[in-house]
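**Q** Let me see the structure of the following:
(one chain, ligands or ions: 1)
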Amino acid sequence: MSKQVFTQVIRGAHEWVSQAEEGLEKAIAQYGPDQPIGWGNQTSYCLPMSFALMGLEVKKLGDLQPQVAHARELLRPIPTDDMWLPYLGHGLDAGAASMLATEAMVALRTCNGYQTPPGWQGFISDTIMRELGIQLVDGRMPGFALILGPAPTTEIAVRTVRDLQSRSILTFLCANREGHTAREQMVEGGVFKEDAPLQECWDLYVVPVGPDSIDSIYVLNWSIRSALTFGNHKRGQSRACLDYTKARIHAFGITFGEIPDDWYSLGAGAILMGYPVVSDSDTTPEIRPTGVTIREEIVVQTDAEQIVPTCIDTRAVKVKIEKIDIPVGYAAAFEGERVRKDDMHVQFGYKYSSAVEYVHMVDGDKVKDNDIQVEGPDIDSIEEGGALPLAIEVLVAGRKMQTDFEGILERQIHRWLSNAMGFMHTGQRDQIWCRISKKAFAAGMRLEHLGTILYAKLHDEYGGIVDKVAVRISTVPESVDAKVKEAVEAFHLRDDRIADMTDESVDTFYSCTICQSYAPDHVCVITPQRLGLCGAYNWLDGRANFEINPTGPNQPIAKGRTIDHVLGEWEGVNKFVYQFSNHKVERFCAYSLLEAPMTSCGCFECIVAILPLANGVMVVNREYSGLTPCGMTFGDLASVTGGGAQTPGFVGVGRLYLSSPKFLSADGGAKRLVWMPKSLLEDVRERLQKEAERIGEPDLLEKIATEEDASTEEEVAEHLAKVGHPATGLEMMIS
Ligand code: SF4
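**A** From the prediction side, this is the model:
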């Protein structure tokens, strides 16, 4: 702990308590102990700070004596150079003493004719506390800031307040420096007019409370009332009230310039309530150990642009962005919207260009929140109906963020971007296909708006783990290709994490119902050995997402009694699938293509389809545009396989599943793989070779037909006979 800080805190508190004692003595001498004081019907909590912390009901001057006396009792001697090093507890006691003393002093104002200067709020009533407090407690208002003193310049003052406003954070202004106040700076900077009514200031979320440092007690005794009103704590339950404000009220202080003793002592009171202080002065010693506050107690930020982001990080404020500032409508209703070719202004990905979306974690000091950058030509530089490469890279920092969560956040990109009217998104990772409609383009939609959406939604839905979000969007071919390469390496690492787990080693699987927006009956059942069919969600992702968002789309599925271990059928899974498929799917067999297979939504990486004549299955991936041996393209097959239906003989899968020991294991497993595009075979070669060796068929990959060997079902059958493919020795799939 800093000796300097606590010396100043204790010195400031001594000053406040002496002033309170003196003021009280004079007032009693002048008006007598029975003189009523306080804020009348503006509050039911007498003097709220002493009511909450001491259980006192102060209504008359005489009632103030125990409050001031207790403030005195809390004080330790002011440290000197050769004296003991003050420690945190003494400093916090001095903070409590300062709050009790300053509250007593502002209460004395109510009997000595003091008038709050025009344009300043003064005491804040219970009515305001009820109206705004509930928003603070339930998170609709992310928090409040108390600014002490004027900023070094009007520009900095206005920027700071605007930064807070843009995050819906309520700002209180108090104190002065040589007579100058932040309120004057608001007027100079055009935030509000000199004669603006106070209601207008409340509406703007910028409230001048009082021109002196003592006036900050109005803010502190306003916020302690939330513990009594919303937390249901009783008067005198000081510990419970302080724990409540620390946990539920996301407040913080900002001080400009060197901090004088009186500010320090009130700041210690704020810290006692769990509210950290951010100072712009490099002479302020930082206090970083956590405990009294959720994160650090005093932090220095000398870069004016970073003051508010630092406050948000230090207080762990979860920012809510009410409105996503884009030129087209934004709602879940647009999620399933398709942009047809004729209505399209531009497209990205699929077979038209390289495209990737990639979320990864970075250190907090490597990223600026809301830093959205677009590199390369935007969509107004392309002819209508054209295609552009696209890399969407999202950098996320958060103290609770883990690399395990990257895939989960990334998979939400589909939903978040699809909610923009006129933006179509399918697929995931480096398999995306996006379109922007002519109407959306005409309305002003540009690439930076993708960043705007991702920034807002990440904070909105994953504020518990995300503190900062930056987005990099590129349409420069070389940069996109480099980003695809980097991302694919990261995707492989993610996929490898689950390699050693088996379905038997767990008693819980996870569901995924994200794709129900356009396939309402579809439920992905994700097991350790079978990832979601989009290829972006494995069992660990499901578990991690449930941890982050317990009411979200990934729910645990208790396997329950095994009905058939070969087919992969469990009682608990059947019940779950029945319930979450809107009672459309009664049975689910994890390991079969023919017997109650998984439903398919539409964003599968690959489709597996039976080839009866070849006694096996073919697999086609989304990128392959040619005809397959069953006479259909990927697109044709997708239209009969997708939509959330259970279609025996056809199923959508993630490509990683092709090399899983559980791949159609009830139907013969990898030995049934008889045809796939060459590019897909190369893509899965390494993992599939391991599986081929495990099943005793080390030459399997050389025996699988590709488009170079066969283009019809008959030709596949001939190829299999010629090379001695193991499928020829298996029992018939359809007899
Ligand atoms: S395909 Fe399955 S796992 Fe992937 S997002 Fe859709 S429901 Fe979830």
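**Q** List the residues that contact Trp416.
**A** Ile453, Leu454, Lys457 (C-beta atoms under 8 Å, 6 or more residues apart in numbering). Glycine gets a C-beta too; all of them are placed from N, C-alpha and C.
**Q** Of those residues, which is the nearest to the ligand?
**A** Lys457 (15.7 Å; C-beta to the nearest ligand atom).
**Q** returning to that earlier point: got a markdown table for the contacts of Trp416, with pLDDT too?
**A** Converted to a markdown table, the contacts of Trp416 look like this (pLDDT from 0 to 100):
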| residue | pLDDT |
| --- | --- |
| Ile453 | 96 |
| Leu454 | 97 |
| Lys457 | 93 |
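**Q** Reformat those residues as CSV; add secondary structure and neighbour count.
**A** As requested, the contacts of Trp416 are exported to CSV (DSSP: H, G, I helix; E, B strand; the rest coil; neighbours: other C-beta atoms under 10 Å):
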residue, secondary structure, neighbour count
Ile453, helix, 22
Leu454, helix, 26
Lys457, helix, 21
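**Q** which of those residues come close to the ligand?
**A** Taking C-beta under 6 Å from any ligand atom as the test, the ligand is in contact with none of these.
**Q** which one of those residues is nearest Asn41?
**A** Lys457 (43.9 Å; C-beta to C-beta).
**Q** Identify each buried residue in stretch 462-480, please.
**A** Within stretch 462-480, the residues scored as buried using 16 or more other C-beta atoms under 10 Å are 462-463, 465-475, 479-480.
**Q** out of those, which are inside strands?
**A** Secondary structure from DSSP state E places Lys468, Val469, Ala470, Val471, Arg472, Ile473, Ser474 of these in strands.
**Q** Give the full set of residues in contact with the last one.
**A** Looking back up the chat, that one is Ser474. So Ser474 contacts Val374, Glu375, Gly376, Pro389, Leu390, Ala391, Glu393, Val480, Lys483 (C-beta under 8 Å, 6+ apart).
**Q** any idea how far the ligand is from it?
**A** 25 Å (C-beta to the nearest ligand atom, to the nearest Å).
**Q** And the pLDDT for that residue?
**A** Ser474 carries a pLDDT value of 98.
**Q** returning to that earlier point: can you tell me which of the contacts of Ser474 are buried?
**A** Among those, those classed as buried by 16+ other C-beta under 10 Å are Val374, Gly376, Pro389, Leu390, Ala391, Glu393, Val480, Lys483.
**Q** what comes into contact with the worst-scoring helix or strand of the chain on mean pLDDT?
**A** Least confident helix or strand, the chain: helix 126-138 with a mean of 78, by mean pLDDT, DSSP states H and E. With C-beta under 8 Å, 6+ apart as the test, helix 126-138 has contacts from 42-45, 141, 143-144, 170, 202, 222-223, 225-226, 229-230, 248-250.
**Q** got the CA coordinates for whichever helix or strand comes after it in CSV?
**A** Going down the chain from helix 126-138, the next helix or strand is strand 144-148, by DSSP states H and E. In CSV, the C-alpha atoms belonging to strand 144-148 read as follows (Å, rounded to 0.1, in the frame of the first residue of the first chain):
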residue,chain,number,x,y,z
PHE,A,144,-22.0,5.7,-13.1
ALA,A,145,-18.9,7.9,-13.0
LEU,A,146,-18.2,10.6,-10.5
ILE,A,147,-15.8,13.2,-11.9
LEU,A,148,-13.9,15.4,-9.4
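**Q** Please state the mean pLDDT value computed over strand 144-148.
**A** So the average pLDDT for strand 144-148 ends up being 95.
**Q** cool, stretch 638-646 as well?
**A** Rounded mean pLDDT across stretch 638-646 is 86.
**Q** Quick check: buried residues in that stretch?
**A** Those would be Ala638, Thr641, Gly642, Gly643, Gly644, Ala645, Gln646, for stretch 638-646 by 16+ other C-beta under 10 Å.
**Q** same check, this time on stretch 50-67
**A** In stretch 50-67, counting by 16+ other C-beta under 10 Å, buried: 50-54, 56, 58, 60-61, 63-65, 67.
**Q** which two of the ones in strands among the buried residues of stretch 462-480 lie the greatest distance from each other?
**A** Between all members of those, the farthest pair (by C-beta to C-beta) comes out as Lys468 and Ser474, at 20.2 Å.
**Q** Could you report the neighbour count for the residue of the chain found nearest the ligand?
**A** Going by C-beta to the nearest ligand atom, the ligand is nearest to Gly532 of the chain, at 2.3 Å. Under the neighbour criterion other C-beta atoms under 10 Å, Gly532 is assigned a count of 32.
**Q** so Leu450 sits right up against Ile392, yeah?
**A** Yes - here Leu450 reaches Ile392: they are 6.3 Å apart, a contact under C-beta atoms under 8 Å.
**Q** what's the overlap in contacts for these two?
**A** Val471, Ile473.
**Q** Of all the helix elements in this structure, which one is longest?
**A** helix 3-31 (DSSP state H).
**Q** now that helix, how far from the centre of its chain.
**A** Relative to its chain's centre, helix 3-31 lies at 44 Å (C-alpha atoms, centre = their mean, to the nearest Å).
**Q** same check, this time on stretch 718-735
**A** 51 Å.
**Q** circling back: show me the contact partners of the helix or strand just after the longest helix of the chain.
**A** Sequence-wise, the next helix or strand downstream of helix 3-31 (DSSP H and E) is helix 48-54. With C-beta under 8 Å, 6+ apart as the test, helix 48-54 has contacts from 45, 56-58, 66-67, 70, 96, 99-100, 103-104, 217, 220-222, 224-225, 227-228, 233, 235-238, 241-242.
**Q** Output the helix or strand just after helix 48-54 as CSV, restricted to C-alpha atoms.
**A** Downstream of helix 48-54, the next assigned helix or strand under DSSP H and E is helix 64-73. Output of helix 64-73 as CSV, limited to C-alpha atoms (Å, rounded to 0.1, in the frame of the first residue of the first chain):
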residue,chain,number,x,y,z
LEU,A,64,-25.8,14.1,14.5
GLN,A,65,-23.6,13.9,17.6
PRO,A,66,-23.1,10.1,17.5
GLN,A,67,-22.4,10.3,13.7
VAL,A,68,-19.7,12.8,14.1
ALA,A,69,-18.3,11.1,17.2
HIS,A,70,-18.1,7.8,15.4
ALA,A,71,-16.3,9.5,12.5
ARG,A,72,-13.7,10.7,15.0
GLU,A,73,-13.4,7.2,16.5
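**Q** Now do helix 64-73: distance to the chain's middle.
**A** That offset, for helix 64-73, works out to 45 Å (C-alpha atoms, centre = their mean).
**Q** same thing with stretch 220-230?
**A** 27 Å.
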